[in-house]
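Participant: Using only what follows, build the 3D model:
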Amino acid sequence: MTKFHLPYGRENMEVDIPEERVSAVMLSQMHYYKPKLSQEELVREALENPIGSPKLSLMAEGKDKVIVIASDHTRPVPSKIIMPQMLAEIRKGNPNADITILISTGCHRETTRDELEDKFGPEIMKNEKIVVHNCDDEPNLVQIGYLPSGGPLIINRLVVEADLVCAEGFIEPHFFAGFSGGRKSIFPGVTSRVAVMSNHNAQFIDHPNSRTGVVEGNPIHRDMLYAARAGRLDFICNVVINSEKDVIYAVAGDCDLAHIDGREFLSSQCKVDAVPSDIVISTNGGYPLDQNIYQAVKGMTAAEATVKDNGVIIMVAKSNDGHGGESFYKSFRDEKDLDKMMKEFLDTPSDETIPDQWQSQIFARVLQRARIIYVSDAPDDMVRDLHMIPAHSIEEAIEKADEILGKKDSKIAIIPDGVSVIVI
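Facilitator: Numbering: from 1, shown residues only. Coordinates of the predicted model:
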């Protein structure tokens, strides 16, 4: 037997699997990568040596209204390490700068005060001005042009009126934008729901280059980068983290050039070869990315890339917040025919994209490839409504997978962190 410890919420779920059944363990090499500097030192070195831009302290000189965009509660960005150093750099250049930390929720729910304190710590909560972006708050949104795809570019008014815009963030594989981080702080981070809907349209999601680890020829990335330039994202500090959520690499500077450096490092560490398997176990890397079923689709796409047709994906995600998207949930609860659902998605014009359609489309694509057994704390009825089979332990899930496949010796691939690998 081989014992595996898979992230589940803030803890781990254990399972023993016979060694002869394990076809592969797909783990990013970055989890073994040992940087020579501490987390704080990595960020400090990046800020001291920006790529493609002056230092943040120099950029802040004479800039009175400064926006620092920060990720929301769904992203494990180590803000307690990054944000204090960015704020210090800004005040080094302009001690009197009026700084606002803008939380880039995209179309997610509002980040709570407790989540903000957990993210930043009490000192920043007490001493800094923090605003949570609302993608539907029309009076505080401004259209500044159009995206290359033709959709409207509408962003938060605070960004438009700022003298300097910078952002913290982290870089990980992203299941349709190629990579997270960089330009995503602006788009979809602080844009309007209308703009996001237009970009996340069915044809773009269906595009063969809208995949994990791909930016070249990716129409979604193209819009995002354009929006970051148009929105004057002047400076970023992005990090790469391991499975312990520790910083192992950091970049700073131009929103594209620094991001390229970061994603090249990430790619060198996290690409893994597909090993076609009857059963694939994946996770969403634990908290905070496995809080709901909506987000867990990301980890499923890693399994999708290596599971055999008509195989079984066992997805392990705590999902203590439930489904995570009302439209997402209702789409599957109310329609049992996946082929019909997919056709409706693909027939939907870009300007008629509905909330969460992109996630539903990708989820439907995965369901068309394999059965999904979902190990979670979510209600069983909710899991069934989403066309999946509920389970409450990995052992139970494997038993159910064996029943579906009609044999007890099917090969099992394990992806301990489905959002940290690029399966090729």
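Participant: Okay, residue 250 and residue 317: tell me how far apart.
Facilitator: Using CB to CB, to the nearest Å, we find residue 250 at a distance of 28 Å from residue 317. (Glycine included, C-beta is placed from N, CA and C.)
Participant: Next: residue 160.
Facilitator: Applying CB to CB to residue 160 and residue 317 gives a distance of 37 Å.
Participant: now do residue 88
Facilitator: Relative to residue 317, and taking CB to CB, residue 88 is found at 37 Å.
Participant: quick one: which of these two has more around it?
Facilitator: Comparing residue 88 with residue 317 by neighbour count (other CB atoms under 10 Å), the higher total belongs to residue 317, at 31 against 13.
Participant: Give the helix, strand or coil label for the closest residue to residue 195 other than its chain neighbours.
Facilitator: Residue nearest to residue 195 in three dimensions, not counting chain neighbours: residue 154, with 4.8 Å by CB to CB, 6 or more residues apart in numbering. Here residue 154 is strand, with the state taken from DSSP: H, G, I helix; E, B strand; the rest coil.
Participant: So which residues of the stretch 51-200 of the chain form strands?
Facilitator: Here the stretch 51-200 of the chain has its strands, by DSSP state E, counting those that start in this stretch, at 65-71, 98-104, 129-132, 141-146, 152-156, 164-170, 173-174, 178-179.
Participant: and if you look at the stretch 251-400 of the chain?
Facilitator: Using DSSP E, counting those that start in this stretch, strands in the stretch 251-400 of the chain cover 271-272, 277-283, 307-316, 370-375, 389-391.
Participant: who wins for proximity to residue 190 among the ones you listed?
Facilitator: Proximity to residue 190 (CB to CB) singles out strand 277-283 among these, at 29.2 Å.
Participant: what lines up beside that closest one in the sheet?
Facilitator: With DSSP bridges as the test, strand 277-283 is paired with strand 307-316 (parallel), strand 412-415 (parallel).
Participant: nearest to residue 269, of those strands?
Facilitator: With respect to residue 269, and counting by CB to CB, the nearest of the strands paired with strand 277-283 is strand 412-415 at 15.2 Å.
Participant: Quick check: next helix or strand after the closest one?
Facilitator: Using DSSP states H and E, the helix or strand that follows strand 412-415 in sequence is strand 422-423.
Participant: related to what we said a few turns ago, I'd like the strands of the stretch 251-400 of the chain as TSV, with mean neighbour count and distance to residue 242 appended.
Facilitator: Shown next, in TSV, are the strands of the stretch 251-400 of the chain (neighbours: other CB atoms under 10 Å; distance: least, CB to CB, whole Å):
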stretch	mean neighbour count	distance to residue 242
strand 271-272	18	15
strand 277-283	28	15
strand 307-316	23	19
strand 370-375	24	23
strand 389-391	20	28
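Participant: Dump those strands into JSON lines; add distance to residue 402 and mean pLDDT as well.
Facilitator: Below are these laid out as JSON lines (distance: least, CB to CB, whole Å; pLDDT from 0 to 100):
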{"stretch": "strand 271-272", "distance to residue 402": "25", "mean pLDDT": "94"}
{"stretch": "strand 277-283", "distance to residue 402": "8", "mean pLDDT": "98"}
{"stretch": "strand 307-316", "distance to residue 402": "9", "mean pLDDT": "98"}
{"stretch": "strand 370-375", "distance to residue 402": "11", "mean pLDDT": "98"}
{"stretch": "strand 389-391", "distance to residue 402": "12", "mean pLDDT": "98"}
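Participant: Nearest to residue 73 among those would be which one?
Facilitator: strand 277-283 (18.7 Å).
Participant: got the contact list for that closest one?
Facilitator: 4, 6-8, 15, 23-24, 290, 299-300, 302-303, 306-308, 311-317, 370, 394, 397-398, 401, 405, 410-418 (CB atoms under 8 Å, 6 or more residues apart in numbering).
Participant: Apply 7 Å and report the result again.
Facilitator: Here strand 277-283 makes contact (CB atoms under 7 Å, 6 or more residues apart in numbering) with 6-7, 23-24, 290, 299-300, 302-303, 306-308, 311-317, 394, 401, 405, 410-418.
Participant: repeat for stretch 298-307
Facilitator: With CB under 7 Å, 6+ apart as the test, stretch 298-307 has contacts from 175, 212, 274-277, 280, 282-284, 313, 315, 317, 362, 366, 369-370, 372, 413, 415, 418-419, 421, 423.
Participant: cool, and stretch 397-408?
Facilitator: Stretch 397-408 has contacts (CB under 7 Å, 6+ apart) with 278-279, 312, 314, 371, 373, 375, 389, 391, 410.
Participant: Dump the C-alpha coordinates for stretch 245-257 into CSV.
Facilitator: The C-alpha coordinates for stretch 245-257 follow below in CSV (Å, rounded to 0.1, in the frame of the first residue of the first chain):
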residue,chain,number,x,y,z
LYS,A,245,1.6,28.2,0.0
ASP,A,246,5.2,29.4,0.6
VAL,A,247,6.9,31.8,-1.9
ILE,A,248,9.6,30.1,-3.9
TYR,A,249,10.0,32.7,-6.7
ALA,A,250,9.1,36.4,-7.1
VAL,A,251,9.0,38.9,-10.0
ALA,A,252,8.3,42.6,-10.1
GLY,A,253,8.1,45.3,-12.8
ASP,A,254,6.2,45.6,-16.1
CYS,A,255,2.8,43.8,-16.0
ASP,A,256,3.7,41.7,-19.1
LEU,A,257,7.5,41.3,-19.0
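Participant: Fine by me, thanks again.
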